[in-house]
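Trainee: what follows is a predicted structure for the sequence shown.
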Amino acid sequence: MIRIFMVAFVMFSCASVVMGANKKAAKETLKDPKGWFLESADDKAVAEARELGRPLAIMVHDPKSDCPLHNGQRAKWKVMAEFKDFVCVLVEQSTKSETIQQIRSQASGKTGKFIPYVLLANPDGTLLDVVKYETDKAATAKILKDALKKYGDIPSEKTAKAMWKDLEKARDNMKDGKLDSAMRYYRGLKSKEKKYGHIYLFSELKNDEPAIAEAREKALAEVKKLEDAGDAKAASEARKVDSLFKGFESEAEKEAGDKAKK
């Protein structure tokens, strides 16, 4: 009985080690040795670009090609240092990624006759530029530089992840009815919008704005009740609402405020 148990234990341990190794291998094979996401991980590349607030570099190629020209150009692009600020991914023309398909549709007629070519894009699905197959190294470097300028400031990885964490906290507090805490996180994010408004996180923040506007309207309705009742607290409560929802005023209110300043 003891021997059977020991054999079973050893077999289980070996299986665990193999499973762990397989998981590690699967994780490692998301990218090639040059750091480009592989074809099977195209949506993971989009997700990483969104998480880090970085633009995408999407190389459309044929992984089975034995053409030396095709493979040579691919190899040259993959080692260019100018791609370091992009999340880079290799895709086939048959990619199923909806975001990448959306980007490719905008590049129709701009990619030239041959593959590989590279699509530079915001991970929200907006095309920035195209690097055609025949583009030389110097021209490629310029296109990449111009695309980064067009994209806008890129946050550090630490800053990007902290902003996503703040958005998560804001949503959790809003869900739990903790409006003051929720708005503290939302205001913090809003203060960064001028610099980083082009990154994907702010598309997500935009989705939350109707709920924020609804909460603001309820707070203003309470202030109106105090005003109608002639309560002296109305003015101070109105200031609290203004402070709580600073940065989330309606467009009409923003325009009125700008005119008042003039």
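Mentor: Looks like it came in fine. Residues are numbered from 1 along each chain as shown.
Trainee: what ranges does the stretch 1-150 of the chain have for its helices?
Mentor: With DSSP state H, counting those that start in this stretch as the criterion, the stretch 1-150 of the chain has helices at 2-28, 42-52, 68-78, 98-106, 137-151.
Trainee: what lies in contact with the shortest one?
Mentor: What that stands for is helix 98-106. The contact list for helix 98-106, computed with CB atoms under 8 Å, 6 or more residues apart in numbering, reads 42-43, 46, 56, 58, 60, 89, 91, 95, 119, 121, 123, 125-127. To be clear about C-beta, it is placed using only N, CA and C from the backbone, and glycine gets the same treatment.
Trainee: could you turn the buried ones of those into a PyMOL selection?
Mentor: In PyMOL, a selection of the buried entries from these looks like this (16 or more other CB atoms under 10 Å):
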select buried, resi 42+43+46+56+58+60+89+91+95+119+121+123+125+127
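Trainee: quick check, nearest of the contacts of helix 98-106 to residue 174?
Mentor: residue 123 (25.1 Å; CB to CB).
Trainee: gap between that closest one and residue 29?
Mentor: 22 Å (CB to CB, to the nearest Å).
Trainee: which of the contacts of helix 98-106 fall in strands?
Mentor: 56, 58, 60, 89, 91, 119, 121, 126, 127 (DSSP state E).
Trainee: okay if I get those as a markdown table plus pLDDT and distance to residue 198?
Mentor: Below are the ones in strands among the contacts of helix 98-106 laid out as a markdown table (pLDDT from 0 to 100; distance: CB to CB, whole Å):
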| residue | pLDDT | distance to residue 198 |
| --- | --- | --- |
| 56 | 98 | 13 |
| 58 | 98 | 18 |
| 60 | 98 | 24 |
| 89 | 98 | 20 |
| 91 | 97 | 23 |
| 119 | 98 | 17 |
| 121 | 98 | 12 |
| 126 | 97 | 9 |
| 127 | 98 | 14 |
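Trainee: residues near residue 166, how many?
Mentor: Counted with other CB atoms under 10 Å, residues neighbouring residue 166 total 18.
Trainee: what ranges does the stretch 151-262 of the chain have for its helices?
Mentor: 157-175, 179-190, 193-196, 201-228, 234-244, 251-261.
Trainee: spatially nearest residue to residue 170 (excluding sequence neighbours)?
Mentor: residue 185 (3.6 Å; CB to CB, 6 or more residues apart in numbering).
Trainee: now do the contacts for the one you found.
Mentor: Taking CB under 8 Å, 6+ apart, one finds 166, 167, 169, 170, 173 in contact with residue 185.
Trainee: and the residues you listed, which is closest to residue 111?
Mentor: Nearest member of the contacts of residue 185 to residue 111, counting by CB to CB, is residue 167, at 34.9 Å.
Trainee: confirm for me that that closest one is in contact with residue 201.
Mentor: Yes: with contact defined as CB atoms under 8 Å, residue 167 reaches residue 201; the gap is 6.5 Å.
Trainee: which residues are in contact with both of those two?
Mentor: If you check residue 167 and residue 201 against CB under 8 Å, 6+ apart, the residues they both contact are residue 189.
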